[in-house]
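*Asks:* no letters, just coordinates:
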């Protein structure tokens, strides 16, 4: 019994310590964000890597999810004669929830892993030490450009994901389920509110911040050797995915609580 | 120029440096030798500010950097890392001139400067636009050396400069280090296991063993010393006061 309690206590303390370290890292990121110098070239590269190069995976994920969602709503709605709500539910489902969450998780898989592996490799090969000796702060050079780029570009990615997801529902709705194209679009546009779109974009920004921050944090804290890089990458993706889902619940509550 | 006194650093239960005292005069080249895991790298990283010591003082050019930090001294340092530590994503010339990329100088001027530094370490201008991954280990080491000297630093640190190189290339790198530090008048601290490096580079030699400086003297005195630890290290004998695993 005492052993069990000791294990629970150790795990709790370990978890709280990790939360503390991440909080300090976040505070340090904000501090370096508002002080000179700013590495514009690295920021531009991060925008390209995180934003432009993520478009294919975001588009494909949203397209197939939107199509599948239309099929599910149609078959589920048929149980109580509500097949006609497919356009509205696809729109609200994609924009409020699936768009930001799926794009966030795809970015966690693609970008967080890439950032964590890159920075962890830089750490184990002493490139981060080299940055310091060359009068360059690693937080300013590595963390700030990536976190800022992800935070700014993710709303755009989520917007694209929302639109393509609705397009996926539209294609399935009109080609497979027999909806009229014009009325499908009209229903989609009429049903969406400004609050839905704003919440989607805000979620995108928050998820982008989390995804990049976790990649940088775990990369910077990586242990030695190849196993250190692997552990950092795995930890970053898991932490980013879990935090994105937690943040999604909090933001949904904040935007849509009655 | 550089004085280290009572430097202590412990990782967990492992006291790596127990009270290290060292002094290097301006323009001198100190080589620190010692077995693997004796804290040579930790010592150099404490001096350059990459690791914070638990206790002791590091005074560089009269400034106690253990209190004031290293930030205002970093521009006077150059460092060659053991595995070169070149930035994978940048071409060679940007690696060489990394420190100056945000100095306001034009990129074409910096590229010319990089070409000049690369020439100094025996590399042609064709290397400038390559990525580090496209170079051999020896060429990467030369690029690392070019980066270390690019801003004409007053103090240069060399961490195992010949590790992983064949004896001929190691000799070339040793000669380059000696020539460049002499020509620049720089103060140098090198850590190495390689006795050929010691003889090629050193004015002064210090041996670290068991977390303290076991022996410190002129290079000329190294081969004559009666210190059993130094004798065992320079002869590479398995028998002596330094414990070995067989």
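*Replies:* Received, thanks. No experiment lies behind these values; they were computed from the predicted model shown.
*Asks:* skipping its backbone neighbours, what lies nearest residue B:98 in space?
*Replies:* residue A:134 (5.2 Å; CB to CB, 6 or more residues apart in numbering or on different chains). Bear in mind the C-beta positions are built from the backbone N, C-alpha and C, glycine included.
*Asks:* that neighbour - how many residues pack around it?
*Replies:* By other CB atoms under 10 Å in any protein chain shown, 24 other residues sit near residue A:134.
*Asks:* for the residue nearest to the spatial centre of chain A, what is the enclosing helix or strand?
*Replies:* Nearest residue to the geometric centre of chain A (CA atoms, centre = their mean): residue A:104, 2.3 Å. Counting by DSSP states H and E, the element that carries residue A:104 is helix A:99-107.
*Asks:* now that helix: how far from the chain's centre is it?
*Replies:* With CA atoms, centre = their mean, to the nearest Å as the basis, helix A:99-107 stands 5 Å off its chain's centre.
*Asks:* pLDDT on it, on average?
*Replies:* Mean pLDDT, computed over helix A:99-107, is 94.
*Asks:* so what's the gap between the helix or strand following that helix and the chain middle?
*Replies:* Counting by DSSP H and E, the element after helix A:99-107 in chain order, helix or strand, is helix A:113-124. Centre-to-centre, helix A:113-124 and its host chain are 19 Å apart (CA atoms, centre = their mean).
*Asks:* can you name every helix or strand that helix A:113-124 contacts?
*Replies:* helix A:127-133, helix A:194-220, helix A:225-256 (3 or more CB pairs under 8 Å, 6 or more residues apart in numbering or on different chains; DSSP states H and E).
*Asks:* between the ones you listed, which one is nearest to chain B?
*Replies:* helix A:127-133 (4.0 Å; CB to the nearest CB).
*Asks:* anything in the closest one near chain B?
*Replies:* Yes: Helix A:127-133 reaches chain B (CB under 8 Å from any CB of the partner chain) through A:127, A:129, A:130, A:132, A:133.
*Asks:* of all the residues in chain B, which one is nearest chain A?
*Replies:* Closest point on chain B to chain A, by CB to the nearest CB, is residue B:85, at 4.0 Å.
*Asks:* that residue - that's part of a strand, no?
*Replies:* No: under DSSP: H, G, I helix; E, B strand; the rest coil, residue B:85 falls outside any strand and is assigned coil.
*Asks:* surely it and residue A:126 touch.
*Replies:* Yes: here residue B:85 lies in contact with residue A:126, judged by CB atoms under 8 Å, at a distance of 4.1 Å.
*Asks:* what about these two, which has more around it?
*Replies:* Comparing residue B:85 with residue A:126 by other CB under 10 Å, the one with more neighbours is residue B:85, at 24 against 21.
*Asks:* lowest-scoring secondary structure element of chain B by mean pLDDT?
*Replies:* Least confident helix or strand of chain B, by mean pLDDT, DSSP states H and E, is helix B:65-68 with a mean of 76.
*Asks:* so which of the residues of helix A:127-133 next to chain B comes closest to residue A:222?
*Replies:* residue A:127 (11.9 Å; CB to CB).
*Asks:* so what's the nearest residue to that closest one once chain neighbours are set aside up against?
*Replies:* Excluding its sequence neighbours, the residue lying closest to residue A:127 (CB to CB, 6+ apart) is residue B:85, at 5.0 Å. With contact taken as CB atoms under 8 Å, 6 or more residues apart in numbering or on different chains, residue B:85 is in contact with A:125, A:126, A:127, A:129, A:130, B:144.
*Asks:* for the first one, report the pLDDT, please.
*Replies:* Per-residue confidence (pLDDT) for residue A:125: 91.
*Asks:* and for it, the neighbour number?
*Replies:* 19.
*Asks:* does it really touch residue B:132, like I thought?
*Replies:* No: using CB under 8 Å, residue A:125 is not in contact with residue B:132, being 10.2 Å away.
*Asks:* give the residues shared as contacts by these two.
*Replies:* Common contact partners of residue A:125 and residue B:132 (CB under 8 Å, 6+ apart): none.
*Asks:* no further queries at this time; thank you.
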